[in-house]
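Participant: how would this look folded up:
(chains A and B)
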Amino acid sequence: MDLFLQRVFDAITNGSTYALIAVAMVLIFKATTLINFAQGEQAILGAFAVLQLWYWGIPMWGAVIIGMLFSAVLAAGLERVFIRKFDPADHLPLVIITLGLFLVINAIAAIVWRFDPQSFPQLFPSGNAFTYNNVRLTWYSIFAFGSCVLVLVVFQTLLTKTKIGLAFRAVSSNLESSRLSGIKIGPTLQFGWALAAAAGTLGASIYAANPVLQIEPSMMLRALIFSVTAAALGGLDSLWGALIGGLTIGFVQSVVVQYIPFIPNEMSLSAAVVVLLIVLTLRPSGVLGTKAVERV
Amino acid sequence: MLQKLYSSRFTPERNYQIAKWTFFVIALLLIAFAYVDVGTISIGSNNYNLSLIRLNKAIAYTIAILGLQVVIGYTGQIALGQSFFFGTGAYISAWLIADHSWPFLLTLLIVIPSCFLIGMILGLPALRIRGLYLALLTFGLAAVFPSIVKLDKLYGYTGGAGGKLTSNYKFIAPSWLPFDEVAQALQKIPLLGDFFGDGPLSTREESRLWKFILFSLLAGLCFWLVHNLIRSRPGRAMRAIRDNETSAAVSGVNLALTKTLSFGVASALGGVGGAIYVAEIGIASPDDFSSLVAIYLIVGLVVGGVGTLPGAVIGGLIYALVPDWASSTQSVSFVPERWLQGPTGSLILGVLLIVLTLFLPGGIVMGWRKFKNKLLRKELSTAR
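Facilitator: Take a look at the predicted model:
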């Protein structure tokens, strides 16, 4: 029982960080029906920027906020230069561009900060919030989950209460009609990219601040698969679905896989891909996503 | 009647094709003999490896990229997971060679059908999933391949994290091939003879040369088959699906069958590429088939030219040479050393991918065709 409870807590911890990256994917998918394969790398670049700022003596949370701003500006620039000129309905060039960004950003991060793992400063109070027999719930888990919910609430408010949020929702619901009603499509999508990159950077910073992990350029590759699965599971265009998907994937990784004897521990990545396969085949719109209606 | 047959067989177009291919084969053989022992060429203070080992790797990648041409270039399905099948073919071949002492060519008889079947089965979800969702799923497949072969349960077949050695199998050139005579004849050419080394070939050189010729023949066979496939009925069906799925279905194309077929063909080609890769480097190790390989193969596809057969060759060469040459570049003026020590190859490939997609969407091959037609003042035929 103790072990089970501990695993559930682990699931919540991992799930929240996956959910944060998944939120970033969902934002971009909502706006452009594009899956940004470079999302994880943009996030890790942001996290490295945070680390660098911290080395330069800026307090940790200040560094995180500046890092988020930096990656938001960078993402807005990337959208303007590389993404906007392509037809959103033609997926292949967009996938290729994001794969190219993936390679370039990954290489730059590795050249500037090297491959050696570095320890990331603590973002949250260390120690345990709650101890029961051998079960420990760390403050880190609570804060990771809390910041995920906070980000979702902020985004939800931003999208429903502000003018640019309204424009964003209009664009994601119908691009042509919103163009006709005078919404500037380009800047609105750019806003979506910036928001997504900021969320991603926060997610990667929290992920790297996990006491048991160290930051290195390739750490996001695994997380990318988990987050993509989380986003697809929750429905690629649903914000709260990302949280549900993230927690489910965390649960599958930390609880379900542990209790199935014939799946070895290191197969959790494969388990995520199997979940992805099942979701996409049986219910492509995910748990909370909008069903696509196609007329032939 | 005879007149008609004659004229249809020897049109100027056809003569041009025959001359072109003869020239190509002779050039290939000359390169093979010239680089069989010379390992490197040096530019500035850097040495660049151009041995047959590199070229053999390039052939392996070329065949895998040819598979991508079928599924992405001609059928329009965004399947990113070619490294999965590349690895599957490599491991099946390695297992048969190492544990059952099969000769290399015989393993292809198992590799091709099994990769074809696996590809068709994994392609089944593609009937429901499209576009980005398919890209996601296939990328996931590529990401899990290394952890599948590292499974403890499969240790007996795959050798776990350490990989599977196949070096017990040696490629021995058949004795009827006049390698020595050709090499010595080439050495006697005035002025150019120096490029072809000295004296008779050693056994290692002969085996390397034999591998290169064998793999080139295999690649040529694959190209011929794919070329014919694209121009046959199923190939036309594939292109119809790429251009407009709905109208293809309306015109009576069997979507399910054609898509699965193209997945199967692509996977089988990936498997052949993998088998060649393992035969060349002598070991199948999990990290040679990571998701980065899948992305690099996409780079090869795009840089060569999506939907063009010669593009696969250019792509294979770029994949085999660029990362390797980038890492052997030790010093370039005006570039800080730090930028040469990291994953510079990956950076260059990424930049190539972005720049070509932005400015030359048809890749190098389409760019060349446009350039040639401009020179010849011909209208560019849009059919590819």
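
Participant: going by C-alpha atoms from here, please, whenever you check contacts or count neighbours.
Facilitator: Noted.

Participant: and chain A, which residues reach chain B?
Facilitator: A:34-35, A:82, A:91-93, A:95-97, A:99-105, A:107-108, A:110-112, A:114, A:225, A:228, A:264, A:266-267, A:269-270, A:273, A:276-277, A:280-281, A:284, A:296 (C-alpha under 8 Å from any C-alpha of the partner chain).

Participant: buried subset of those residues as a ChimeraX selection?
Facilitator: In ChimeraX syntax, the buried subset of the residues of chain A next to chain B is picked out as below (16 or more other C-alpha atoms under 10 Å in any protein chain shown):
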select /A:34,35,82,91,92,93,95,96,97,99,100,101,102,103,104,105,107,108,110,111,114,225,228,267,269,270,273,276,277,280,281,284
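
Participant: for chain B, what is the nearest residue in the stretch 1-150 of chain A?
Facilitator: The nearest approach of the stretch 1-150 of chain A to chain B comes at A:Gly100, 4.4 Å away (C-alpha to the nearest C-alpha).

Participant: so which residue is dead centre in chain B?
Facilitator: B:Thr62 (1.1 Å; C-alpha atoms, centre = their mean).

Participant: the closest residue to A:Pro125 other than its chain neighbours and A:Ala209: what is the separation?
Facilitator: When the adjacent residues along the chain are set aside, A:Pro125 lies closest to A:Trp139, with 6.3 Å between them (C-alpha to C-alpha, 6 or more residues apart in numbering or on different chains). Distance of A:Trp139 to A:Ala209, computed by C-alpha to C-alpha, to the nearest Å: 12 Å.

Participant: so for these two, which sits in the more crowded spot?
Facilitator: Using other C-alpha atoms under 10 Å in any protein chain shown as the criterion, A:Trp139 and A:Ala209 rank with A:Ala209 on top: 21 against 16.

Participant: next, the contact list for that one, please.
Facilitator: A:Ala209 makes contact with A:Phe120, A:Pro121, A:Gln122, A:Leu123 under the criterion C-alpha atoms under 8 Å, 6 or more residues apart in numbering or on different chains.

Participant: most neighbours among the residues you listed, please name it.
Facilitator: For these, neighbours tallied by other C-alpha under 10 Å; top is A:Phe120, 22 neighbours.

Participant: look up how far A:Phe48 lies from that residue.
Facilitator: Taking C-alpha to C-alpha, one finds A:Phe120 at 9 Å from A:Phe48.

Participant: just to revisit the earlier point, excluding chain neighbours, what is closest to the residue nearest to the centre of chain B?
Facilitator: Per C-alpha to C-alpha, 6+ apart, closest to B:Thr62 is B:Gly316, 4.2 Å.

Participant: likewise A:Pro93?
Facilitator: Closest to A:Pro93 by C-alpha to C-alpha, 6+ apart is B:Thr357, at 6.6 Å.

Participant: I'd assumed that neighbour was in a helix, is it?
Facilitator: Yes - the assignment for B:Thr357 by DSSP: H, G, I helix; E, B strand; the rest coil puts it in a helix.

Participant: hmm, it is touching B:Val302, no?
Facilitator: Yes - counting by C-alpha atoms under 8 Å, B:Thr357 does reach B:Val302; the two are 7.5 Å apart.

Participant: joint contacts of those two?
Facilitator: Common contacts of B:Thr357 and B:Val302 (C-alpha under 8 Å, 6+ apart): B:Gly363.

Participant: settle it for me: which of these two has more neighbours?
Facilitator: B:Val302 (32 against 22).

Participant: got any ranges where chain A has weak pLDDT?
Facilitator: A:262-266, A:292-296 (pLDDT under 70).

Participant: all helices of it, in order?
Facilitator: A:2-32, A:39-55, A:60-78, A:91-113, A:139-161, A:163-173, A:175-180, A:185-208, A:220-234, A:239-251, A:257-259, A:268-282 (DSSP state H).

Participant: of all those, which lies closest to B:Ser247?
Facilitator: helix A:91-113 (18.9 Å; C-alpha to C-alpha).

Participant: list the buried ones in whatever helix or strand B:Lys20 lives in?
Facilitator: Assessed by DSSP states H and E, B:Lys20 sits inside helix B:12-34. Of all the residues in helix B:12-34, those buried under the rule 16+ other C-alpha under 10 Å are B:Leu30, B:Ala32, B:Phe33, B:Ala34.

Participant: swap in stretch B:165-180?
Facilitator: Under the neighbour-count rule (16+ other C-alpha under 10 Å), stretch B:165-180 has B:Leu165, B:Thr166, B:Ser167, B:Tyr169, B:Phe171, B:Ala173, B:Phe179 buried.

Participant: make JSON lines from these and add secondary structure, distance to A:Glu216 and pLDDT to it.
Facilitator: Listed next are the buried residues of stretch B:165-180 as JSON lines, based on DSSP: H, G, I helix; E, B strand; the rest coil; distance: C-alpha to C-alpha, whole Å; pLDDT from 0 to 100:
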{"residue": "B:Leu165", "secondary structure": "strand", "distance to A:Glu216": "31", "pLDDT": "83"}
{"residue": "B:Thr166", "secondary structure": "coil", "distance to A:Glu216": "34", "pLDDT": "81"}
{"residue": "B:Ser167", "secondary structure": "coil", "distance to A:Glu216": "35", "pLDDT": "75"}
{"residue": "B:Tyr169", "secondary structure": "coil", "distance to A:Glu216": "39", "pLDDT": "77"}
{"residue": "B:Phe171", "secondary structure": "coil", "distance to A:Glu216": "41", "pLDDT": "78"}
{"residue": "B:Ala173", "secondary structure": "coil", "distance to A:Glu216": "47", "pLDDT": "73"}
{"residue": "B:Phe179", "secondary structure": "helix", "distance to A:Glu216": "50", "pLDDT": "74"}
